[in-house]
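1. Any chance you can model this:
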Amino acid sequence: MIPDAHRATIARSVRLLRAFRDEQSDPEGFYGLVARDTVAHLGRYTALRGRTVADVGSGPGFFTRALREAGARCVGVECDAGEMTMQGPPPPGSVLGSALGLPFASGSVDVCFSSNVLEHVADPWRMAGEMVRTTRPGGLVYLAFTNWLSPWGGHETSPWHYLGGDRAARRYEQRHGRPPKNRYGQSLYAVSVGAALTWARDREDVTVVDAVPRYHPWWAAPVVRVPGAREILTWNLVLVLRKEPASPPGPGGDTPGR
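-> Predicted coordinates for the structure are as follows:
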């Protein structure tokens, strides 16, 4: 059962969107709130207690800790040692590794989870494919990311990213005397809702369980089905995918249709 504080209501949406103001000044408070909320949402689709979960792009471990508190056996994977330790020691068992080549065997986790990492990867669909690969048949992929044309798509350079990512980065540096952490074309890329849905629907090894705006009340979910408008109004997309069992070999050991 989802706690009342995390139900998809207007009050929850307002609380989360207000919290964005504190991302830079109070990252522990902000990410702790978002992690608890996200894990509660994930719990709508699958039981977590006792499940093996990979937290892809785990950073300092906020989501890893929240998943463990929900009873999951969670392993965080992060490619940047500095990011992993920026809030102190990461959760025990966290590993250095790339989202583009996850250090897990195929089909080895019950849930492959990622929050706000896809937009920071130069080859996002390779990362998404790795998440599918490592998930067992019948398991779940939970992939959430900030789409580029959302009001928060430029991260700390928003909303000036609407005038171009490079221009937004230059404006940020002129104003703050330092380059933004999330630099367009280097550590921040333009990922769209439409591209994510096309990628998921074109794959034969997953079923789309849900595609919803992460921070919106429940009644706003249909916006994801409206091309164009969804790129601005979604803010942050959650894709929930079910890994399909492999097709049995045909006569003579060949895969059907091959």
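2. any idea which strand is longest in the chain?
-> strand 135-146 (DSSP state E).
3. so what strands line up beside that strand?
-> Sheet pairing of strand 135-146 (DSSP bridges) gives strand 109-115 (parallel), strand 236-243 (antiparallel).
4. can you give me the offset of that strand from its chain's centre?
-> Relative to its parent chain, strand 135-146 has a centroid offset of 9 Å by C-alpha atoms, centre = their mean, to the nearest Å.
5. shaky segments in the protein?
-> 1-7, 18-29, 247-258 (pLDDT under 70).
6. What is the subsequent helix or strand relative to the longest strand of the chain?
-> With elements assigned by DSSP states H and E, the helix or strand that comes after strand 135-146 is helix 165-176.
7. Go through that next one and flag the buried ones.
-> Buried residues in helix 165-176, defined by neighbour count with 16 or more other C-beta atoms under 10 Å: 165, 168-169, 171-172. No exception for glycine: its C-beta is placed from N, CA and C like everyone else's.
8. What of stretch 212-222?
-> Here stretch 212-222 shows 212-216, 220 as buried, counting by 16+ other C-beta under 10 Å.
9. So which residues make contact with stretch 169-176?
-> Outside of stretch 169-176, the residues within contact range by C-beta atoms under 8 Å, 6 or more residues apart in numbering are 156-157, 160, 179-180, 183-184.
10. now those as a markdown table including neighbour count and distance to Val191?
-> As requested, the contacts of stretch 169-176 are exported to a markdown table (neighbours: other C-beta atoms under 10 Å; distance: C-beta to C-beta, whole Å):
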| residue | neighbour count | distance to Val191 |
| --- | --- | --- |
| Glu156 | 16 | 17 |
| Thr157 | 26 | 16 |
| Trp160 | 16 | 18 |
| Pro179 | 13 | 21 |
| Pro180 | 21 | 17 |
| Arg183 | 17 | 15 |
| Tyr184 | 21 | 12 |
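11. Columns distance to Ala70 on top of the residues you listed, output as CSV?
-> Shown next, in CSV, are those (distance: C-beta to C-beta, whole Å):
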residue, distance to Ala70
Glu156, 30
Thr157, 33
Trp160, 37
Pro179, 37
Pro180, 33
Arg183, 34
Tyr184, 34
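12. List just the nearest of those to Leu16.
-> Leu16 has its nearest neighbour among the contacts of stretch 169-176 in Glu156, at 17.3 Å by C-beta to C-beta.
13. can I assume that closest one is in contact with Asn182?
-> Yes. With contact defined as C-beta atoms under 8 Å, Glu156 counts as touching Asn182 (6.3 Å).
14. tell me the contacts of the closest residue to His161 other than its chain neighbours?
-> Distance criterion C-beta to C-beta, 6 or more residues apart in numbering; nearest residue to His161, sequence neighbours excluded, is Gly154 at 2.7 Å. Contact analysis of Gly154 by C-beta under 8 Å, 6+ apart lists 148, 160-162, 165, 168, 182, 184, 188.
15. cool, and Ser94?
-> By C-beta under 8 Å, 6+ apart, the residues touching Ser94 are 58, 61, 64, 75-78, 84.
16. wait, which of those residues is closest to Trp125?
-> Looking across those and measuring by C-beta to C-beta, the closest to Trp125 is Val77, at 17.9 Å.
17. got a list of what that closest one touches?
-> 54-58, 94-97, 99, 102-103.
18. Return the members of these classed as buried.
-> 54-58, 94, 97, 99, 102.
19. Strands - which of those land there?
-> 54-56.
20. Would you format those residues as JSON lines with distance to Ala40 included?
-> Formatted as JSON lines, these follow (distance: C-beta to C-beta, whole Å):
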{"residue": "Ala54", "distance to Ala40": "19"}
{"residue": "Asp55", "distance to Ala40": "16"}
{"residue": "Val56", "distance to Ala40": "19"}
